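A.B. asks: Pasting a predicted model and its sequence here:
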Amino acid sequence: MAWGEFKDTAAERRLFQRRALVMLLFVMLLMTGLLARMYQLQVVEHDIYTTLSDKNRVQVQSVPPPRGLVYDRNGELLAENRPVFSLTIVPERAAPIDETLARLGGIIEIADEDLERFRKRLNEPRRPFQEIPLFYDLGEADIATMAVHRHEFPGVEVTAELVRYYPHSDLTAHALGFVGRINREELNRIDPVNYAGTNYIGKSGIERFYEEVLHGRVGYQHVETNARGRILRVLERENPVPGADLELHLDLRLQRKAHELLEGRRGAIVAIEPATGGILALASVPGFDTNKFVTGISVADYRALSESIDKPLFNRALRGQYPPGSTIKPMMAVAALDSGVTTRDRKIWDPGYYQLREGGRRYRDWKRSGHGWVDLKDSVAQSCDVYFYDVAVEMGVDTMHKYLSAFGFGEDATLDVSGALSGLLPSDDWKRAMRDERWYPGDSVNMGIGQGFFLATPLQLATATALVANRGEWVEPRLLKDIRGERSADEFLPEETHNPLVLKDPENWEYVVDTMEEVMHGAKGTARRTGRGANYRMAGKTGTAQVFSLGQDEEYDAEEVRERLRDHALFVGFAPADDPKIAVAIIVENGGGGSSVAAPVARGLFDAWLEEFPAAEASQMLGQVSRNGSAH
Amino acid sequence: MGLGNDLLGAKTDAGLGRSRSIWDVLHLDPILLFLLVTLVGGGLFVLYSGADRNIDVVKAQGIRLAVAFGVMLVFAQLDPAVFRRWSPWLYALGLAGLVAVLLVGVGAKGAQRWLAIPGLPRFQPSELMKLVVPMMAAWYLSRYFLPPTLGRVMVGLFIVLLPMFLIVQQPDLGTSLLVGAAGIFVVFFAGMSWKLIAAFFGAVSVSAPLMWFFVMREYQKQRVLTLLDPQSDPLGAGWNIIQSKTAIGSGGMDGKGWLQGTQSHLEFLPESHTDFIVAVLAEEFGFVGMMLLMAVYFLIILRCLYIAVSAQDSYARLLAGALTMTFFIYIFVNVGMVSGLLPVVGVPLPLISYGGTSGVTLMAAFGVLMSIHTHRRMITA
C-alpha cells in the first residue's frame, strides 16, 4: 500500500466489526437508560409532575368587590370610586428589585419620595406575590411608555384599580372620613380572606364605621397564567358582592352653606333633624382634601396640614371639647324647674354679681350693672348669669349631673359617628378622683353657666338642643339614613339606648322653648337682631366661652395672639320653634360674642333649610312640570 | 458480516451488472433518507407546538432543513477519497479559524463563537470541526496498520484535544464535547487497546476535580451544581430543569395531545423550541411519543453503523463510525440534560431543535455517510 506499512485489511475489518458491536451495545444501553428515565418521570412520578404542572398554570385570584358609594339625602354623590392607573411591582417576580427600579427610572420619571415609600412597603409584612404600588395615577404618556417596554420588566404592571374619590372633599372631610391603604395594624385585624384583593380600608368617619357594609364580599377567579404571571384566561369565577351604597341624612347643600357661613374662620356647625336624629350638616372649618390621603399623602403636604395653626385635620364638630358657656342655660332651666329649685314665677334680684354668702367672693354677671329683677324667662332671654349661679348652687352638682346626663353630656350618644368624644360632665366623684378635692359650691356656680370643668362638643350641644326641640323625646344622632338595596338601615345602626326625658310637668318643655324664643324674638333677647324679620319663630341661646390659655411653646405674633385669645362664640337653637325641623349648634373659635357672630350663622342655616331649599325644590319641580306640560 | 446484514443490507448489495437505480445516480441511501425524512417531518410538527404555533418559525426551519438536505446531497456526490485527501488541509483551516475566533471573533452572552469574514456569511469554525476532527483523526490513523501503536494513539488524541482546547476557550462546552467525542470515537474504532481505554477513563476521573478548579468557568460549575440540586435555585438556574421535568412528567403515558402542552404554551418551559424541545414532545405525546422518537433515532444509528461496517477501507469505516456515534452523543446529551440526568449544556436535539448550524453539520455528516455507502463499488472496481 501507499502508506508504506503492511496492512491486514481483513483483520482491520474484523477489528472494526467488534468495535462497532461494542458501540451498538453501548448505544442500546444508554438509550434504554434514557427511556428508563422517561418511564420514571412520565409513568412512575406522573402524578407528582401533574400536580406541579397544574400548580404552575392555575392560580386562584381574589377579585376585590367595588366599595359601596355614599350619597347625601338628595342622592348627591359624596364618595365614589374612580379608576386610577398605577405602576405596581410584584417583588417576587421582579428580582433583582434594585436593578428593575434603576431601569424603570430610565424610562419614566419616578420621584424619590415614591421610591422611598415603595421601599418602606417592601419591608412591611404583606401577602406573598402581592403587588406593591410604586407610582400612582400614571399619566397617559407613562402608560404608553410602559406598554411599549413591559416585556422588559417582568413583574412590573400597569394596573387599574378603583380608588375612592370624594368629589366634595373639602366640604365632607370631617363628616365622611376617608379610606387609606391598609396598614400593619389593620392587617392583623381584618379578615385576610375577605380583604385578599383589597388595598384600602376606612380610616375614619362613615368610611370606618360602615367599613363592613361598604366593603362587600370578595370574589374569586381561577385563572390560567403563563410563567410571567400574565392572565391568559379565566377558568372559573365567583363574582364579588359589591359593597352596599349608603344614603346619609347629610344634605350637601346645607353642608356647603355651613362652610360658606364659617368662611375664613375656624369653627364647627352641627345640624340635626330633631324628628329623626339625622345629622343634616356636620362641618368643621377649615376642612381639607381627603383625596390626598387615599393613596398616601406626601410628607410635605402632610406637614403643611398638621402644622397649620388652623388645625384643618382637627375635627372640631366631634372632637372639639369646649366650655359650653351660656348655651347650657336652657338645659339648666329644665333641670332647675323639674328639680323644683325654682318656679316659672320666681324672681330674683340681680345686682350684677352673686355671693355664696355675705361678704364672700363675688361671681360676676357678664352685665356689670346687673339685670335687676328677673324671672327664669328673662334670665334665659338676657342670659342672666346670677339667676343660674343661684339655681346651680341650689341644685348642687349631683342634680345637675343627673339632668345634664339625660341630655347626653359626658357621653358619646351618637349611633354611628365614628370618633366622637364625650366631653366632660363633672361630678363630685370625678373631682375627687381626678383632682383629689371635694366639690365646692363655687364649682357649682361655674358649672351653672357652662364654665369651669364642664366641656362639651358641638355635636353634644346639638344633640341636647334637639332634645329640647323634641320636648324630651330622645332620638340619637345618626348619619346613616338608608342602605340602598334590600337591607334596611336599622339592621346596621346600633340600638337606641336613651329613655325619653319625662318632666314632672310636661308644660315646662313649652316654657323653656318659650324662653329660647324670647332670646330670638323678645325685646331684650340677646339674639333679637338675628331674629328680626324672620317668617318663622325660632328658639335659640347664645353663648360665649372664655379661652383660658395658650400653650407655652406656641409662638404667635402680637396680632395673632390677640385674635386667638378672643372668646369663642357659641349658639344653639332650632326652628320653627313649635314644629322643629332643624336644630343646630355652632361654635366660632375666637369669634367674640355669641349673639353677634354665632347667632347670624344659625339664621343663615335656618333660612336655608326652611325657605331657600324648599323654594329651590319647588321651582325645580315647577320647571319640570312646565317642561312636561309643553311636551304635550 | 454478522451485523444486521439481512435486515438492512439486502437492497444495497446490488451488483455491478444491474441497471443503476435512481438512488445510485443520486448517491443516496433510500433507507437512511426515509428515516431522516420521517424524523425531520415529525420534528416540524413538534416544533410548531414548541414555538407556540408560530408558523414562521416552522417555515424558517423548513428552509434551513432544505438547505441542509442540499448540503447532504452535495456531500454524498463526493468520493470518500476526496474527503480523505482534504482532511489535513481542512483540519489546518479549521484550527486557523478557531484561533481567529479567539482573536477577532464575534459573539454574545460572554462567548465568542462566530467568525465574520466580509463577503461571507457568518460561521462557526467549531461547528465545522465536528466533521473535520474525525476526518483528520481517521486520516492519520488509517495511514498505518490498525490497531495503532501507543504513540499513534497519543498523536490521534492530540489531534482531537487541540481543537477541543481551543473551543473550550470560546467558551463553548457543548460543541467542544461533541468535537471531542467525534475524534475519540475514531481512536476507539481504530482499535485503541482496552487497557488504554481503562487508563483514559482513569485519567478523566482524576482530572475531573482538576478541571473543576482550574478549567471550568463559573457558569459551568453552576450548571453542574444545579443539576445535583435544582431546588437550590428554583427561580434561577434550577428553573429550566424543574420546568422541563415537570413538562415531561406531566405528559404521562399518552401525553396531553398535540398543541395541548401547558408547560410550553404557557411559557413555563424555557427554550421550548430549541434545546428543550424534547420536553414539548414528551409533554404532548407522552412516553409513547418518546419511545417512537427513540426508535427512529435507534434505527438511524443502526443503519449508519451498518454503513460503517460495510465500508471498504479503514478511513471510511472510522469516519462513518465516529460520525454515527457523534449523532448518538447529540441525542444522549440533549435528552439526558432535558430530563435532568446531565448538566445543562447547549446541545440541540438533532434535526428537531430549531436552529441552523448544527442541522447543516449533521446533514453534511449524513452526506458523508451516504457517500461512503454509495461509492464503495467504484473504489473496488
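C.D. replies: On my side now, so go ahead.

A.B. asks: By mean pLDDT, flag the weakest helix or strand of chain A.
C.D. replies: Sorting the helices and strands of chain A by mean pLDDT, DSSP states H and E puts helix A:558-564 at the bottom, at a mean of 64.

A.B. asks: just checking, next helix/strand downstream of that helix?
C.D. replies: Towards the C-terminus, the helix or strand next in line after helix A:558-564, according to DSSP states H and E, is strand A:568-575.

A.B. asks: OK, contacts around the residue nearest to residue A:313 when sequence neighbours are not counted?
C.D. replies: Counting by CB to CB, 6 or more residues apart in numbering or on different chains, the nearest residue to residue A:313 once its immediate chain neighbours are dropped is residue A:305, at 5.5 Å. Backbone N, C-alpha and C define where each C-beta goes, glycine included. Residue A:305 is in contact with A:288, A:297, A:312-313, counting by CB atoms under 8 Å, 6 or more residues apart in numbering or on different chains.

A.B. asks: just checking, what's the longest helix in chain A?
C.D. replies: helix A:9-39 (DSSP state H).

A.B. asks: Does that one reach chain B?
C.D. replies: Yes. Contact of helix A:9-39 with chain B (CB under 8 Å from any CB of the partner chain) involves A:9, A:11-13, A:15-17, A:19-21, A:23-24, A:27-28, A:30-31, A:33-35, A:37-39.

A.B. asks: OK, contacts around residue B:264?
C.D. replies: Remark: with contacts taken as CB under 8 Å, 6+ apart, residue B:264 is in contact with B:49-50, B:52, B:247, B:272, B:279-280, B:283-284.

A.B. asks: do residue B:106 as well
C.D. replies: Residues touching residue B:106, when contacts are defined by CB under 8 Å, 6+ apart, comprise B:112, B:114-116, B:122.

A.B. asks: and those as TSV, adding neighbour count, secondary structure and pLDDT?
C.D. replies: TSV is the format used below for the contacts of residue B:106 (neighbours: other CB atoms under 10 Å in any protein chain shown; DSSP: H, G, I helix; E, B strand; the rest coil; pLDDT from 0 to 100):
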residue	neighbour count	secondary structure	pLDDT
B:112	17	strand	72
B:114	18	strand	77
B:115	21	strand	77
B:116	13	coil	74
B:122	12	coil	69
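
A.B. asks: what helices or strands is the top strand by length along chain A leaning on?
C.D. replies: Determined from DSSP state E, the single longest strand within chain A is strand A:77-89. Using 3 or more CB pairs under 8 Å, 6 or more residues apart in numbering or on different chains; DSSP states H and E as the contact test, the elements touching strand A:77-89 are strand A:70-71, helix A:97-107, strand A:132-135, helix A:140-149, strand A:156-165, helix A:169-176.

A.B. asks: Out of these, flag the one nearest chain B.
C.D. replies: When the helices and strands packed on strand A:77-89 are compared by CB to the nearest CB, helix A:97-107 sits nearest chain B, at 13.2 Å.

A.B. asks: So the residue in the stretch 151-300 of chain B positioned nearest to chain A versus residue B:267, what's the distance?
C.D. replies: Closest approach between the stretch 151-300 of chain B and chain A, counting by CB to the nearest CB: residue B:249, at 2.5 Å. According to CB to CB, to the nearest Å, residue B:249 and residue B:267 sit 18 Å apart.

A.B. asks: Tell me who's in contact with the closest residue to residue A:278 other than its chain neighbours.
C.D. replies: With sequence-adjacent residues excluded and distances taken as CB to CB, 6+ apart, residue A:278 is closest to residue A:249, at 2.9 Å. Residues near residue A:249 by CB under 8 Å, 6+ apart: A:73, A:273, A:276, A:278-280, A:478-481.

A.B. asks: So which of those sit within helices?
C.D. replies: Going by DSSP H, the helices hold none of these.

A.B. asks: the domain parsing of the chain - what is it?
C.D. replies: The chain I'm using is chain A. Taking automatic domain parsing as the domain assignment, the ranges for chain A are A:60-248, A:252-477+A:499-616.

A.B. asks: Chain B was what I was after
C.D. replies: Dividing chain B into domains by automatic domain parsing, as the record does, gives the ranges B:41-77+B:217-381, B:82-216.

A.B. asks: Mind putting those into CSV with distance to residue A:137?
C.D. replies: Below are the domains of chain B laid out as CSV (distance: least, CB to CB, whole Å):
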stretch, distance to residue A:137
domain B:41-77+B:217-381, 31
domain B:82-216, 39
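
A.B. asks: ok, and which of those has the densest surroundings?
C.D. replies: Most buried of those, by mean neighbour count (mean count of other CB atoms under 10 Å in any protein chain shown): domain B:41-77+B:217-381, with a mean of 21.

A.B. asks: residues in the stretch 251-381 of chain B within reach of chain A, list them.
C.D. replies: B:251-253, B:262-263, B:266-268, B:282, B:286-287, B:290-291, B:294, B:297-298, B:301-302, B:305, B:308-309, B:313-314, B:317-318, B:321, B:324-325, B:328, B:331-332, B:335-336, B:339, B:341.
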